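Asker: Quick check, what structure comes out for this input:
(one chain, ligands or ions: 1)
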Amino acid sequence: MAKPKTAKRTTTSKRPATKPDARSAAPKAKKSAPKAQNSRGRAAAGGPSLRIGHGWDLHRLEPIAPAGPGRPLVIGGIKLEEPGFDRGPVARSDGDVLLHAVTDALLGALGMPDIGQLFPDTDERHEGQDSRLFVTAAVERVTRAGYRIVNLDTTVVLQRPKIGPVKERIRMNLAKMLGVGTDRVNIKGKTHERVDAVGESRAVEAHAVVIMERV
Ligand SMILES: [Zn+2]
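Answerer: Down below sits the predicted model:
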C-alpha cells in the first residue's frame, strides 16, 4: 500500500519540472518556421513549397461498338479484356478514366481549370484521343509552374475485369508519363460490391491524389 503513495508523490513532484521544458520547446518551434518558408529563397517568391491535388472521374460503360456506343476498355493506357465482358466507356476521347483522374489531380494541384475545360469533350479534335496526351499536357504545366511530382496514389473502382493482372503495367505507364520512378506511383483496384452503377458494370470510376514540390 505504501508503494503506490510513493509513486504518486514522485509523479507529482516531477510535474513542475516538465513545465519549463515544454515552455522552452515552444520558442524553438517558432524559430524553425521562417527557415522552412525561406528554403532556397524560392518558396516565398514562387508559391507554396508543396501542393496537393485530387482528381476523380467516372465513365458510363456500354456494349462495345458495333453492339453499342462503348469504346474498348482502356485504363492507365492498358487495354483490359475478359471473356464474356463486352462493355467499355462512352467518351469523346478513349475514355481512360484513370488518366482523366490523374490529369485532374495534376491540374487541381496547380489551381488550374480541369480537364473538361482544357480539353472539352465537345471538341471533335479529341475524337478517340489517346488520353496519355492529357496527362503529358498536365505534366508540362507542372514543370512550367516550377514543380515536380513527389508521388501519386490512385484507386480504380471497377466490378470487372480485374485490374490486378495489369496493375504493374499501368504503374509503369504512369511513372513514365509523370517522369518519376515506379516507387512514386501506386495503383489500387476495388470492386463496388456489385451494388449501384459501378457494381453493376454500368460505370467505372477512378480517384487520384498527387503531391508535388517546388523545384
Ligand atoms: Zn473521363
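Asker: list the contacts for the one residue in the chain that gets nearest to the ion?
Answerer: Residue nearest to the ion within the chain: His100 (3.4 Å; C-beta to the ion). In short, each C-beta sits where N, CA and C put it, glycine included. His100 sits next to Gly55, Asp57, Ser93, Ile115, Ser131, Phe134, Ala206 when contact means C-beta atoms under 8 Å, 6 or more residues apart in numbering.
Asker: Repeat that for Lys162.
Answerer: Glu82, Gly189.
Asker: rewinding a little: now render the contacts of His100 as CSV, adding distance to the ion and neighbour count.
Answerer: Written out in CSV, the entries for the contacts of His100 read as follows (distance: C-beta to the ion, whole Å; neighbours: other C-beta atoms under 10 Å):
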residue, distance to the ion, neighbour count
Gly55, 10, 26
Asp57, 4, 25
Ser93, 7, 23
Ile115, 7, 26
Ser131, 8, 26
Phe134, 9, 25
Ala206, 8, 25
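Asker: now, which of those lie within helices?
Answerer: In this view, these that belong to helices under DSSP state H are Ile115, Phe134.
Asker: Which members of the contacts of His100 are the farthest-apart pair?
Answerer: The largest separation in the contacts of His100, counting by C-beta to C-beta, is between Gly55 and Ser93 at 15.1 Å.
Asker: quick one, phi/psi of Gly53?
Answerer: Its backbone dihedrals place Gly53 at phi -130, psi 150, with angles given as degrees, to the nearest 10.
Asker: for it, which residues make a bridge with it?
Answerer: For Gly53, the beta-bridge assignment (DSSP bridges) gives partners Val210.
Asker: before we move on, the earlier item: any chance of the contacts of His100 in JSON lines, plus pLDDT and distance to Tyr147?
Answerer: Rendered in JSON lines, the data for these read as follows (pLDDT from 0 to 100; distance: C-beta to C-beta, whole Å):
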{"residue": "Gly55", "pLDDT": "98", "distance to Tyr147": "16"}
{"residue": "Asp57", "pLDDT": "98", "distance to Tyr147": "22"}
{"residue": "Ser93", "pLDDT": "95", "distance to Tyr147": "25"}
{"residue": "Ile115", "pLDDT": "93", "distance to Tyr147": "18"}
{"residue": "Ser131", "pLDDT": "96", "distance to Tyr147": "22"}
{"residue": "Phe134", "pLDDT": "96", "distance to Tyr147": "18"}
{"residue": "Ala206", "pLDDT": "98", "distance to Tyr147": "22"}
